[in-house]
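Visitor: got a predicted model here, sequence first, then my questions.
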Amino acid sequence: ADAKDKADADTKAKADADAKAKADAESTLEESNQDKLMYEISLIIKQAAIAGTLQVLDPAKLCSKIPENTQYKCEQKVKMDIQTEMSKTSSDSQGNKDQHPKPDPNSKDPCASVPASAKADCEKGIADAKKDSGPASNYDAYKYTKSFDRNNPPKIAKYNITELNKFSRISKIRSGVGHNYVPDTIEYDPTNKNCKSMKHYIMPIGVPKDNLLYNKTPHTFKWLSIKYFAPVNGMIIGVSYKDNDYGTESNFKIVSMDNPGYYFGFFHVTLLPGLKEGSVVTAGQQIGTFGDENTWGEIAVEVQTKDEYTNKATTYALSFLEVASDEVFQQFSERGVKSAADVINTKEYRDANPLACDNSDAGWFIGSGRGGDKADPSFEKWQFESTDNWFFFK
């Protein structure tokens, strides 16, 4: 019996060893295949850089053959690699330093010098670039509105900027949330004694109302999945990029092409592939997603006018709800908002209750603990929890 037990034990040990060896081999093979795929993706990116067609690459499509559990990581790496190549392209365009001739969109055959393997991508990229270049060159036509009634702005936002069902509250115009944000309006205070945020922050669902619990509470869903949409037919302008732990995020504005002079500001957004400076978008078109897992939603609305006699330009900052169509406003109404006034602190209120901010570029509110300032627990609690700053959705 002892001999039989020993034989069984030896057989089991050998089977376990064989199974481990097989698993190790499969894991090694999977890693090898993944490394091969990543190498192939890097070649595609480099070919696109040579062809001048980086803007048409789709990270999700390039990573579609990568194992599902690492696809997201792959997409973020691909986005960063594309951005790196784009920056190289910009810095390399210094005469003879560039050994690869770039396609000339105005030549008879722009892609003549491009390797055959990348020619199709080059031709598509040239077509897309030409498609975008027309409206961008006519941006002056959309800079200013001809007439503006501050007490009765037109309801031009035909589509909501995001998926409102994924949010629990919205900050008020002239709130003390975030940092000082006052475009070049009459409310700008160069002394930093009367600071305010003239944009809305939107907080994802699952965030506790207690400030002290914020950093201790895990997200109830992936914030990076939250989508952004164009509220109007317009053009993307003023795009700036920044790398973070999740990829590349951007800030930009959409200027309305149906109602010139109206601008919608977006912040910390991962733009969808192909969208860039000068791209034309339609109301309801998805333009991107949250660009950082730790950011909140943000939207700023500005109107720019120009006096036809004095040529003086004036900027006004509005609430998104002031320009929202009835259909869009209905989504807020279903969450308890009765009018745009519910999400606006008046100028008179803020002037009577001014907030100071520091001299940094951001203009962090004094007491918030940001920008090197000493945190004031009572201010932080008020900033995060008070209805002075927030409208909590029902």
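Guide: Thanks, I have it. Numbering: from 1, shown residues only.
Visitor: got the residue ranges for the strands in the protein?
Guide: Ranges of strands within the chain are 167-171, 200-204, 227-229, 234-244, 247-256, 262-271, 280-281, 286-290, 297-306, 313-318, 390-392, based on DSSP state E.
Visitor: as CSV, those with mean neighbour count would be great.
Guide: For the C-beta atoms, the positions are set from N, CA and C on the backbone; glycine is no exception. Below are these laid out as CSV (neighbours: other CB atoms under 10 Å):
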stretch, mean neighbour count
strand 167-171, 21
strand 200-204, 21
strand 227-229, 18
strand 234-244, 17
strand 247-256, 21
strand 262-271, 22
strand 280-281, 19
strand 286-290, 19
strand 297-306, 21
strand 313-318, 18
strand 390-392, 18
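Visitor: so can I have a markdown table of those showing mean pLDDT?
Guide: Conversion of these to a markdown table gives the following (pLDDT from 0 to 100):
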| stretch | mean pLDDT |
| --- | --- |
| strand 167-171 | 98 |
| strand 200-204 | 98 |
| strand 227-229 | 98 |
| strand 234-244 | 95 |
| strand 247-256 | 96 |
| strand 262-271 | 98 |
| strand 280-281 | 94 |
| strand 286-290 | 97 |
| strand 297-306 | 97 |
| strand 313-318 | 96 |
| strand 390-392 | 98 |
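Visitor: looking at these, which is closest to Y159?
Guide: Closest approach to Y159 among the strands of the chain is made by strand 227-229 (5.5 Å; CB to CB).
Visitor: what are the contacting residues of that closest one?
Guide: For strand 227-229, contacts defined as CB atoms under 8 Å, 6 or more residues apart in numbering pick out 159-163, 266, 269, 284-290.
Visitor: of those residues, closest to H219?
Guide: Taking CB to CB as the measure, H219 sits nearest to F290 out of the contacts of strand 227-229, at 10.9 Å.
Visitor: circling back: now render the strands of the chain as CSV, adding distance to M38.
Guide: Conversion of the strands of the chain to CSV gives the following (distance: least, CB to CB, whole Å):
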stretch, distance to M38
strand 167-171, 36
strand 200-204, 32
strand 227-229, 27
strand 234-244, 19
strand 247-256, 16
strand 262-271, 21
strand 280-281, 32
strand 286-290, 23
strand 297-306, 33
strand 313-318, 45
strand 390-392, 44
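Visitor: so which of those gets nearest D189?
Guide: Nearest to D189, of all these, is strand 313-318, at 13.6 Å by CB to CB.
Visitor: what lines up beside that closest one in the sheet?
Guide: strand 297-306 (antiparallel) (DSSP bridges).
Visitor: domains for this protein, by residue range?
Guide: Residue ranges for the domains of the chain, per automatic domain parsing: 1-92+99-137, 142-392.
Visitor: quick revisit: closest one to K65 among the strands of the chain?
Guide: Among those, if distance is taken as CB to CB, the winner is strand 247-256, at 19.8 Å.
Visitor: how far off centre is the closest one?
Guide: Centre-to-centre, strand 247-256 and its host chain are 6 Å apart (CA atoms, centre = their mean, to the nearest Å).
Visitor: so D292 touches Y246, yeah?
Guide: Yes. Using CB atoms under 8 Å, D292 is in contact with Y246, at 5.7 Å.
Visitor: now T282. Nearest residue, chain neighbours left out?
Guide: Distances taken as CB to CB, 6 or more residues apart in numbering place N233 nearest to T282, at 5.2 Å, with adjacent residues excluded.
Visitor: against A317, how distant is the one you found?
Guide: As for N233, its distance to A317 is 22 Å (criterion: CB to CB, to the nearest Å).
Visitor: ditto for I44
Guide: I44 sits 43 Å away from A317 when distances are taken as CB to CB.
Visitor: and stretch 349-365, how far from the chain's centre?
Guide: On CA atoms, centre = their mean, the centre of stretch 349-365 falls 25 Å from the chain's centre.
Visitor: what's it in contact with?
Guide: Contacts for stretch 349-365 (CB under 8 Å, 6+ apart): 174, 176, 179-181, 192-196, 366, 370-373, 379, 383.
Visitor: alpha carbons of it, as CSV, please.
Guide: Taking C-alpha atoms only, stretch 349-365 is exported to CSV below (Å, rounded to 0.1, in the frame of the first residue of the first chain):
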residue,chain,number,x,y,z
TYR,A,349,-24.0,87.9,-4.1
ARG,A,350,-20.4,87.2,-4.9
ASP,A,351,-19.4,90.9,-4.7
ALA,A,352,-21.0,91.0,-1.2
ASN,A,353,-19.2,87.7,-0.3
PRO,A,354,-15.8,87.9,-2.1
LEU,A,355,-13.4,85.0,-2.2
ALA,A,356,-9.6,85.6,-2.4
CYS,A,357,-7.3,83.4,-4.5
ASP,A,358,-3.5,83.1,-4.8
ASN,A,359,-1.3,84.6,-7.6
SER,A,360,-0.6,81.3,-9.4
ASP,A,361,-1.7,80.8,-13.0
ALA,A,362,-4.6,78.7,-11.7
GLY,A,363,-5.7,81.1,-9.0
TRP,A,364,-6.4,78.6,-6.2
PHE,A,365,-8.8,79.8,-3.6
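Visitor: next, count neighbours for R350.
Guide: If you count neighbours by other CB atoms under 10 Å, R350 ends up with 20.
Visitor: do G367 as well
Guide: For G367, the neighbour count with other CB under 10 Å is 20.
Visitor: with I50 instead?
Guide: Neighbour tally, I50, other CB under 10 Å: 22.
Visitor: can you give me the helices in the protein?
Guide: 2-51, 59-62, 68-92, 119-137, 326-333, 347-352, 377-385 (DSSP state H).
Visitor: and those helices, which one averages the lowest pLDDT?
Guide: Ranked by mean pLDDT, the helices of the chain end with helix 119-137 at the bottom, a mean of 55.
Visitor: just the buried residues of the contacts of stretch 349-365.
Guide: 174, 176, 179-181, 192, 194-196, 366, 370-371, 373, 379, 383 (16 or more other CB atoms under 10 Å).
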